[in-house]
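Participant: could you look at this predicted model? Sequence included:
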Amino acid sequence: MAQLKDDLLTDLFIDGKAVAAADGARFDVLDPATGEVITTVADSGIADAMTAVGAAETAAQSWAATAPRERAEILRRAFELMTARAEDFAELIARENGKALPDARGEVAYAAEFFRWYSEEAVRITGSVGTAPSGANTIMVVRQPVGICVLVTPWNFPAAMATRKIAPALAAGCTVILKPASDTPLTALAMGALLDEAGVPPGVVNVLPGRRSGAIVSAMLHDPRVRKLSFTGSTEVGRLLLRESADQVLNTSMELGGNAPFVVFADADLDAALDGAMVAKMRNAGEACTAANRIYVQAPIAEEFSRRLAERMGALVLGPGTEEATQVGPLVNQDALDKVSSLVSEAIDAGARALLGGAAPDRAGFYYEPTVLVDVAADSPILREEIFGPVAPIVTFEDEDEAVRLANSTEYGLVSYVYTGDLARGLRVSERLESGMVGLNRGLVSDPAAPFGGVKQSGIGREGGHEGVLDYTESKYIAVSW
Ligand code: NAP
């Protein structure tokens, strides 16, 4: 495998080989810490997408027929290789995504765990056998691979969002085409090479970076050889791809946007709630679908909580993700910076006060200062939209019903966080919250062994856990008489 740091992989990865785009196109990958070009990468077009689908089709039958134990051993090797090269992967992620090295290291460990978890699940995909109620026959249900999968991933976790899809797909016996975000194609290409080295046969995993996302994904979704789309990204693009998937009635898994409420009751352990808020808000500089987007604090403790959160966030070191001392890196690109800046300005214009930050520092790169806002107007766009930056808007509430009402007042439903010292209240509120996941006295829920996913407009399907592998299978019912 090429060195990750010094010899970047920048061509498409199709049928086990690095190839240029058919039309020779390339695009720039920028360093978010400076805005300068790191390198150029081959830009897939429709012809390349069709070649990749062809490679995935040629490989499909024999991969599906490969013994589950053998597929498991390959995934296990991928886990070991990624773990051995964790530092190289972390530096690559920090470089192209901008996140701080501690976040990048955390992502690599999380990403590698999907290979390990699904190496264990590959040999545990079972069906069922039962007698029909009439007694006339046997009902046999087997699980079969869904077929060729198109995987589309975002830039905010360039390694983990890819392994969270590739690992269960391979465990189930599917072949895949990965279309990574064009801000972060280098990690995905390094992953393709790693899987090749781990023993994944040519054509089973293909990686198609490209700026012409709409055209190449649409072409693949309309190719009758493709049977599934697994998408992680914004709700806006997810809706569009669901419509496109309808044309061929594709099996779809959608991991979409979030607008997580972080609810702190006055009886909570305040130190623990602050620790949780720091993780839920500041992991990845707030560029996470699980980021605490709206912080609701019960009135008696709101002032102390806000002041102490501002102290904690204000002490973080802002800088290039690749520097060891950095705790908050730059945002991914200029658009992200503009969006965060305008959400904060709108909130301040509508009466919010910045206890901390509230502006972009005067330096090159896409930096935004850690920011804490109080007195945020209830109808402020910053409470309705994903901030995707290091900004914590704090709103106070009086009682449990109001907290639940405010938390649920969004079309999103990915994750919610609740802090309380009263376990009965914690479980009661967890049940009432409209989200696919709840962190109860915890600011981090992501775990490869747990089903990750949203309700409402945050998505369809689950990734991780046993559910994650079932999403890459179809159940076939065989009615048997003998
Ligand atoms: P995005 O703009 O929706 O892009 C996601 C992926 O879709 C990228 O690969 C992108 O390619 C591609 N894409 C964009 N427009 C497309 C189109 N018209 N047709 C086909 N593909 C298209 O999202 P993002 O900005 O990369 O990521 C941030 C979003 O992801 C946030 O909303 C976040 O909440 C969500 N997210 C959700 C989860 C979850 O598990 N629920 C996890 C992480 C992130 P290009 O890069 O080339 O545009």
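Facilitator: Structure's in. What do you need?
Participant: who are the contact partners of the closest residue in space to residue 201 that isn't next to it in sequence?
Facilitator: Distance criterion CB to CB, 6 or more residues apart in numbering; nearest residue to residue 201, sequence neighbours excluded, is residue 59 at 5.9 Å. C-betas here are computed from N, CA, C, even on glycine. With contact taken as CB atoms under 8 Å, 6 or more residues apart in numbering, residue 59 is in contact with 15, 175, 201, 202, 203, 204.
Participant: for the third one, grab phi and psi.
Facilitator: Phi and psi for residue 201, reported as degrees, to the nearest 10, are phi -60, psi 150.
Participant: kindly report the same for the fourth one.
Facilitator: The phi/psi pair for residue 202 (degrees, to the nearest 10) reads phi -50, psi 140.
Participant: still on that earlier bit, buried members of the contacts of residue 59 into ChimeraX, please.
Facilitator: The following ChimeraX line selects those of those that are buried, judged by 16 or more other CB atoms under 10 Å:
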select :15,175,201,203,204
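Participant: tell me the one of the contacts of residue 59 nearest the ligand?
Facilitator: residue 175 (19.3 Å; CB to the nearest ligand atom).
Participant: pretty sure residue 392 sits against residue 373.
Facilitator: Yes - Residue 392 lies in contact with residue 373 (CB atoms under 8 Å); the separation is 7.0 Å.
Participant: any idea which element the residue nearest to residue 201 lies in?
Facilitator: Using DSSP states H and E, residue 59 falls within helix 46-65.
Participant: what residues are up against whatever residue of the chain ends up closest to the ligand?
Facilitator: Going by CB to the nearest ligand atom, the ligand is nearest to residue 233 of the chain, at 2.6 Å. By CB under 8 Å, 6+ apart, the residues touching residue 233 are 152, 153, 154, 181, 255, 256.
Participant: gap between it and residue 188?
Facilitator: Remark: distance between residue 233 and residue 188 (CB to CB, to the nearest Å) = 14 Å.
Participant: near the ligand, which residues of the stretch 351-482 of the chain? Just list them.
Facilitator: Proximity of the stretch 351-482 of the chain to the ligand (CB under 6 Å from any ligand atom) is limited to residues 386, 414, 454, 459.
Participant: show me where the stretch 151-300 of the chain has strands.
Facilitator: Per DSSP state E, counting those that start in this stretch, the stretch 151-300 of the chain carries strands over the ranges 176-179, 205-207, 226-232, 251-255, 260-264, 292-298.
Participant: please name every helix or strand in contact with the fourth one.
Facilitator: Read it as strand 251-255. With contacts defined as 3 or more CB pairs under 8 Å, 6 or more residues apart in numbering; DSSP states H and E, strand 251-255 has these neighbours: strand 226-232, helix 235-246, strand 459-460.
Participant: quick one: distance of the first one to the chain centre.
Facilitator: Spelled out, that is strand 226-232. Relative to the centre of its chain, strand 226-232 is centred 15 Å away, using CA atoms, centre = their mean, to the nearest Å.
Participant: ok and it relative to strand 251-255, angle-wise?
Facilitator: Here strand 226-232 points in a direction 10 degrees away from that of strand 251-255 (axes from the mean of the first three to the mean of the last three CA atoms, to 10 degrees).
Participant: the closest residue to residue 161 other than its chain neighbours: neighbouring residues, count only.
Facilitator: Spatial nearest neighbour of residue 161, excluding adjacent residues (CB to CB, 6+ apart): residue 153 at 4.2 Å. Residue 153 has 27 neighbours, counted by other CB atoms under 10 Å.
Participant: please renumber the chain so that the first residue is 10 from this point on.
Facilitator: Renumbered: residue one is now 10, and that last one reads residue 162.
Participant: residue 162 reaches residue 169, doesn't it?
Facilitator: No - under the criterion of CB under 8 Å, residue 162 makes no contact with residue 169, lying 9.2 Å away.
Participant: go ahead and confirm residue 168 touches residue 120.
Facilitator: Yes - between residue 168 and residue 120 there is a contact under CB under 8 Å: 3.9 Å.
Participant: quick check: neighbours shared by these two?
Facilitator: Common neighbours of residue 168 and residue 120 (CB under 8 Å, 6+ apart) are residue 98.
Participant: how close does the residue minimising distance to the centre of the chain sit to residue 487?
Facilitator: For the chain, the residue sitting closest to the mean C-alpha position, by CA atoms, centre = their mean, is residue 170 at 4.5 Å. For residue 170, the distance to residue 487 equals 35 Å [CB to CB].
Participant: equivalent analysis for residue 385, please.
Facilitator: Going from residue 385 to residue 487 by CB to CB gives 57 Å.
Participant: looking at the two, which is more packed in?
Facilitator: Remark: of residue 385 and residue 487, residue 385 carries more neighbours, 22 against 12, as counted by other CB under 10 Å.
Participant: ramachandran angles for the more buried one?
Facilitator: Residue torsions, per degrees, to the nearest 10, at residue 385 are phi -80, psi 130.
Participant: ok, now which ones touch it?
Facilitator: 356, 361, 391, 392, 402, 403, 404.
Participant: assess the claim that residue 114 and residue 100 are in contact.
Facilitator: No - between residue 114 and residue 100 there is no contact under CB under 8 Å: 9.5 Å.
Participant: count of neighbours near residue 488?
Facilitator: For residue 488, using other CB under 10 Å, the count is 10.
Participant: mind checking pLDDT for it?
Facilitator: Looking at residue 488, its pLDDT reads 98.
Participant: just give me how far stretch 177-188 sits from the chain centre.
Facilitator: Centroid separation between stretch 177-188 and its chain, computed with CA atoms, centre = their mean, is 17 Å.
Participant: what is the end-to-end distance of that stretch?
Facilitator: This stretch, stretch 177-188, spans 17 Å end to end (CA to CA, to the nearest Å).
Participant: in that stretch, which residues are buried?
Facilitator: Buried positions in stretch 177-188, judged by neighbour count with 16+ other CB under 10 Å: 177, 178, 179, 180, 181, 182, 183, 184, 185, 186, 187, 188.
Participant: nearest to residue 308 among those?
Facilitator: Distance to residue 308, by CB to CB, is smallest for residue 177 among those, at 44.4 Å.
Participant: in stretch 254-273, what's buried?
Facilitator: For stretch 254-273, a neighbour-count test (16+ other CB under 10 Å) marks 254, 259-273 as buried.
Participant: and the ligand, which of those residues contact it?
Facilitator: 264, 265, 266, 267.
Participant: residue 135 reaches residue 152, doesn't it?
Facilitator: Yes - using CB under 8 Å, residue 135 is in contact with residue 152, at 7.2 Å.
Participant: higher neighbour count, these two?
Facilitator: Neighbour totals were compared for residue 135 and residue 152, and residue 152 leads with 18 against 8 (other CB under 10 Å).
Participant: name the SS class of that one, please.
Facilitator: What DSSP: H, G, I helix; E, B strand; the rest coil gives for residue 152 is strand.
Participant: how close does it sit to residue 303?
Facilitator: The gap separating residue 152 from residue 303 is 40 Å, by CB to CB.
Participant: and the closest residue to residue 296 other than its chain neighbours, what does it touch?
Facilitator: Closest residue in space to residue 296, ignoring its immediate chain neighbours: residue 165 at 4.7 Å, by CB to CB, 6+ apart. Residue 165 sits next to 106, 293, 296, 297, 298, 341, 397 when contact means CB under 8 Å, 6+ apart.
Participant: is the fifth one in contact with residue 268, as I believe?
Facilitator: Going back to what we said before, that points to residue 298. No - contact criterion CB under 8 Å: residue 298 and residue 268 do not qualify, at 9.4 Å.
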